[in-house]
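Chemist: sequence-free structure coming up:
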């Protein structure tokens, strides 16, 4: 007699999840839990998915749409998705994440590492004062290490290229790491570099502020701070109804 597989342990994240939790409880092969899940079901919009990845990094996610803004959430009926989850017939897709580390001579400055599925976003700290920075890619100076003056910059994954990166560049990309510049005085094109690249920014005049995905924490950046961003070793895993061809595709 064949042994039955252990039920899939499911955490449900998002607002208005009472009905969805009831469906999980009723589905054979699934077990609703509060911790140590095998899968995290995200019921909401894109922000719910990003928050779940911050809270449960590396655990497979199932994004279910409960928002008109959830372009990265499946529109299929939740009960059908849960049935496929119980049958183990959803498709796993891997998405690179980014890791950021801060090198600073300031006392008690946070160092990270911070991990982002969408993007790292650096913006000027004062609305009436531009941030100045220099950029190196694999220790090679960008624009002969000229000082760039502007509102800041965004470093994005392909998954995140449909978000703020797209608003700045009006484009998306399928692989690599994207660098977008915000309203710089220097005429420079936005970049897409190989995902194996190490990207280093030196803040030459602040203040500036660093944010990543929708994390509640912000990091103040000052003159002399160096932010190094590269590919994180562990990808995000998202289970979808059909296989995803490109990481920037809508689910």
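Modeler: Perfect, thanks for sending it. Being a predicted model, the structure only gives us computed values, none of them experimental.
Chemist: what about the closest residue to residue 101 other than its chain neighbours, how many neighbours?
Modeler: Closest residue to residue 101 apart from its sequence neighbours, by C-beta to C-beta, 6 or more residues apart in numbering: residue 112 at 4.6 Å. C-betas here are computed from N, CA, C, even on glycine. By the criterion of other C-beta atoms under 10 Å, residue 112 has 16 neighbours.
Chemist: Now do the nearest residue to residue 194 once chain neighbours are set aside, the pLDDT please.
Modeler: Excluding the flanking residues, the one nearest residue 194 by C-beta to C-beta, 6+ apart is residue 176, at 5.5 Å. As predicted, residue 176 sits at a pLDDT of 97.
Chemist: Give me the distance between residue 176 and residue 199.
Modeler: According to C-beta to C-beta, to the nearest Å, residue 176 stands 11 Å off from residue 199.
Chemist: the more surrounded of the two?
Modeler: In this view residue 176 and residue 199 are compared by other C-beta under 10 Å, and residue 199 has more residues nearby, 23 against 19.
Chemist: how far away is the nearest residue to the more buried one once chain neighbours are set aside from residue 200?
Modeler: In space, residue 199 comes closest to residue 229 once its chain neighbours are excluded; the distance is 4.7 Å by C-beta to C-beta, 6+ apart. Per C-beta to C-beta, residue 229 is found 8 Å from residue 200.
Chemist: Of these two, which one has the most company?
Modeler: residue 229 (25 against 21).
Chemist: pLDDT score for the more buried one?
Modeler: pLDDT, residue 229: 98.
Chemist: in the sheet, who's paired with it?
Modeler: residue 100, residue 199 (DSSP bridges).
Chemist: likewise residue 115?
Modeler: residue 99.
Chemist: mind listing what the spatially most central residue of the chain touches?
Modeler: Of all residues in the chain, the one closest to the mean position by C-alpha atoms, centre = their mean is residue 117, 1.7 Å from it. By C-beta atoms under 8 Å, 6 or more residues apart in numbering, the residues touching residue 117 are 50, 53, 95, 97, 157, 159, 160, 213, 236.
Chemist: what's the answer for residue 57, then?
Modeler: 115, 234, 236.
Chemist: Out of those residues, who's the most crowded?
Modeler: residue 236 leads those on contacts (other C-beta under 10 Å) with 25 neighbours.
Chemist: so it sits right up against residue 54, yeah?
Modeler: No. Here residue 236 lies out of contact with residue 54, judged by C-beta atoms under 8 Å, at a distance of 10.4 Å.
Chemist: okay if I get the contacts of residue 57 as TSV plus distance to residue 40 and pLDDT?
Modeler: Shown next, in TSV, are those (distance: C-beta to C-beta, whole Å; pLDDT from 0 to 100):
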residue	distance to residue 40	pLDDT
115	16	97
234	15	96
236	11	96
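Chemist: just curious, which of those is nearest to residue 91?
Modeler: Sorting those by how near they are to residue 91, with C-beta to C-beta, puts residue 236 at the top with 14.3 Å.
Chemist: Leaving out chain neighbours, which residue sits closest to that closest one?
Modeler: Using C-beta to C-beta, 6+ apart, the closest residue to residue 236 is residue 95 (4.5 Å).
Chemist: quick one, what contacts that neighbour?
Modeler: Here residue 95 is in contact with 117, 157, 158, 159, 235, 236, 237, 238, 247 (C-beta under 8 Å, 6+ apart).
Chemist: at 6 Å instead, please
Modeler: 159, 235, 236, 247 (C-beta atoms under 6 Å, 6 or more residues apart in numbering).
Chemist: same question, residue 150
Modeler: By C-beta under 6 Å, 6+ apart, the residues touching residue 150 are 130, 181, 182, 183, 184.
Chemist: Any quick ChimeraX command for the buried ones out of those?
Modeler: Selection of buried members from these for ChimeraX, criterion 16 or more other C-beta atoms under 10 Å:
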select :130,181,182,184
